[in-house]
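Peer 1: here's a sequence, model it:
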Amino acid sequence: MTYRVVLGPLPGGGYGLRVSVPGQDVLNSNLFPKHVAFDSRWGSAYKLLRSGQDVLPTGSFGNGVLTVEFETQSHYPLAIAYHKRSDGLYVTDGIGVTVAKNFIRIGGPTGTRVGWQVFTR
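Peer 2: Below is the predicted model of the structure:
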């Protein structure tokens, strides 16, 4: 299995968020820069706009949708939502995110506790 997102201890040291491009294992500390879509250690790439956690509300067909609003941006921000699996890993599977210039919508199974972060340039 290829992991694409890590949140917490990062390969090569430090803590943060790292995302690889499709087909590349984010846990590989020797990834070429072109294989890393985002790394919070980059410093000047993005700034945290909003973050939080909540439980997805009751919705249609067992799925809940949470809308998080923020100040309108001049571009589409980077957003990630995740949940903690029973084995302790934080993962993005089963969670969907829609991004607009002034909100994100997070969808997934009703009752799932999700964490989310929105980054801006």
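Peer 1: and the strands in this protein?
Peer 2: Along the chain, counting by DSSP state E, strands occupy 5-9, 15-20, 36-39, 47-55, 63-69, 78-84, 90-91, 96-99, 103-109, 113-120.
Peer 1: the domain parsing of this structure - what is it?
Peer 2: As assigned by automatic domain parsing, the chain contains the domains 5-42, 47-120.
Peer 1: quick check: buried residues in the shortest one?
Peer 2: Along domain 5-42, these residues count as buried under the neighbour rule (16 or more other Cβ atoms under 10 Å): 5-7, 10, 17-20, 24, 26, 31, 36, 38-40. Every residue, glycine included, has its C-beta placed from N, CA and C.
Peer 1: do the same with stretch 78-85
Peer 2: 78-83.
Peer 1: which ones are touching the residue nearest the centre of the chain?
Peer 2: Most central in the chain under Cα atoms, centre = their mean is I80, positioned 2.1 Å from the mean C-alpha point. Contacts for I80 (Cβ atoms under 8 Å, 6 or more residues apart in numbering) come out as 5, 7, 17, 19, 92, 97, 116-117.
Peer 1: same thing but 10 Å
Peer 2: By Cβ atoms under 10 Å, 6 or more residues apart in numbering, the contact list for I80 reads 5, 7, 17, 19, 38, 51, 92, 95, 97, 99, 104, 106, 115-119.
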